[in-house]
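1. Here is the input, now give the coordinates:
(chains A and B)
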Amino acid sequence: MGINGNLKDISFADLVQMHCMDPRSSRMTLTNGELRGVTYFANGQLVHAAMAGKTGEEVVFELLGWTNGEFEVDNDIAAPQRTINRMWSGLLLEGAKRLDEQEKQRKKNEKVNGESEDNKMSQKFDEILTSLSGEVSGYIASALVGIDGLNIASHTMGTVDPEVVSAQITTLFRLVDTSVEKLGAGILEDNLLSTEKAYIIKRFLPGKEYFLAIAVNRREGNLGNLRMMSKMYTDQLSKAMPH
Amino acid sequence: MTKLEQVLQQFKSEMGADFVSTDVVGMDGISIAGGSADPNFSASDAAARFAEIMKLAVKVSNKIDSGKVDDNLVTTTKDYIISRFLGDGSFYWVVVASNNATLGTMRMLMNEFAPQILAAIPQVATAPTVEQVLEKPIDAKIEPEKVKPARDRASFWADKKN
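-> Model (predicted):
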């Protein structure tokens, strides 16, 4: 009488190791959905494997990757043929190596796909900031900035260095935010700095981890237009953010 | 009531029901005139905190070559807070209004009253300009507020109820 169980409880590699300690002949049948694999043991070795028209070591390597499925063992059943000659230990070692390589390749693919998603998102932010530049009168520059002062995306029409500007205005915006909070004056929505040369508005995206900063020329800029556009484009950037 | 207080009182009247607080403040963060109409809003705390903000604004503007700072508008879910330099930058003026106020009117009134306020600042009130203050390093951090003993915050801004 054989045994049966689930691969969730014991791995195929452990089952092979266990059966190769026993010199008796046996057959192990594994099912996973529609797939059905059969392996045979004799004289303490795995001697034959078959699945979906394939036979030999490749079937064993495939079965080693199963983490789910049922197994059933019937003792004293001889293999119909011999398709595996490698020692069971070498077979498991090679299988583990292949699984490791497959896992590395999977992670690599995930990374490539992830980078591709990041590029798409970055492109989307750039498009939004470019569109913004066409709608704000006296536009100089804009940036989507993290609360750490680093730019996520930026767009400039002049010679402004967005990295320097973002780092500086983040310090100011954070101080304003802290002060508003300590004064109990509600929740900060935006901050507009008017200088001799420019209007610089900063507005948080929901969650306060990022903000949109827009700088316009003081002479050509229009405050109402600037505030309205900052609201509209903050919403657009927020929708483009991954959640 | 000093001349400065009279001008500020007039400004408050023009602002109407949306007025919350105003102060004329030296760059040391100490108010020389003003107060709050809302007992829950501490004008002196606002004066001190916005002095730090104005100093940092000047420093930031210098670093990004954006020229002299004129004013700073903060919009919150409750209020509008506008702080602007007066004259040579020895003092700044901060006005807090509820966000039901018309921002355009608030700015217009501030433009109208700024020269009167500057003229009303006592000549004896000499204070270092923001540039002089900035020669010293700015400490942008504001320490957490210590719990103060309860005190009557009534000032000449509070509407007297009979």
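2. all contacts plus neighbour counts: C-alpha atoms, from now on.
-> Will do.
3. all helices of chain A, in order?
-> In chain A, the segments counted as helices under DSSP state H are A:12-19, A:57-64, A:88-133, A:162-183, A:223-240.
4. Now for chain A, the helix or strand with the poorest mean pLDDT.
-> helix A:88-133 (a mean of 86; mean pLDDT, DSSP states H and E).
5. picking that back up, mind putting the helices of chain A in JSON lines, distance to residue B:64 and mean neighbour count included?
-> JSON lines is the format used below for the helices of chain A (distance: least, C-alpha to C-alpha, whole Å; neighbours: other C-alpha atoms under 10 Å in any protein chain shown):
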{"stretch": "helix A:12-19", "distance to residue B:64": "65", "mean neighbour count": "18"}
{"stretch": "helix A:57-64", "distance to residue B:64": "62", "mean neighbour count": "20"}
{"stretch": "helix A:88-133", "distance to residue B:64": "20", "mean neighbour count": "15"}
{"stretch": "helix A:162-183", "distance to residue B:64": "6", "mean neighbour count": "20"}
{"stretch": "helix A:223-240", "distance to residue B:64": "20", "mean neighbour count": "16"}
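6. Report the separation between the closest residue to residue A:95 other than its chain neighbours and chain B.
-> Excluding the flanking residues, the one nearest residue A:95 by C-alpha to C-alpha, 6 or more residues apart in numbering or on different chains is residue A:61, at 5.0 Å. Residue A:61 sits 61 Å away from chain B, going by C-alpha to the nearest C-alpha, to the nearest Å.
7. Next one: residue A:61 from residue A:96, what distance?
-> 8 Å (C-alpha to C-alpha, to the nearest Å).
8. Can you name the helix or strand that the residue most central in space within chain B falls in?
-> What sits nearest the mean C-alpha location of chain B, by C-alpha atoms, centre = their mean, is residue B:94, with 2.0 Å. For residue B:94, the host element (DSSP states H and E) is strand B:91-98.
9. Tell me the residues on chain B that lie near chain A, please.
-> Contacts of chain B with chain A, taken as C-alpha under 8 Å from any C-alpha of the partner chain, map to B:41-42, B:45-46, B:49-50, B:53, B:56-57, B:60-61, B:63-64, B:66-79, B:140-141, B:145.
10. coming back round to it: using TSV, please lay out the helices of chain A together with distance to residue B:26.
-> Shown next, in TSV, are the helices of chain A (distance: least, C-alpha to C-alpha, whole Å):
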stretch	distance to residue B:26
helix A:12-19	78
helix A:57-64	77
helix A:88-133	38
helix A:162-183	18
helix A:223-240	28
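11. any weak-confidence spans in chain A?
-> Chain A contains residues with pLDDT under 70 at A:1, A:114, A:243.
12. Could you list the contact residues of it toward chain B?
-> Within chain A, the positions near chain B by C-alpha under 8 Å from any C-alpha are A:164-165, A:168-169, A:172, A:175-176, A:179-180, A:182-198.
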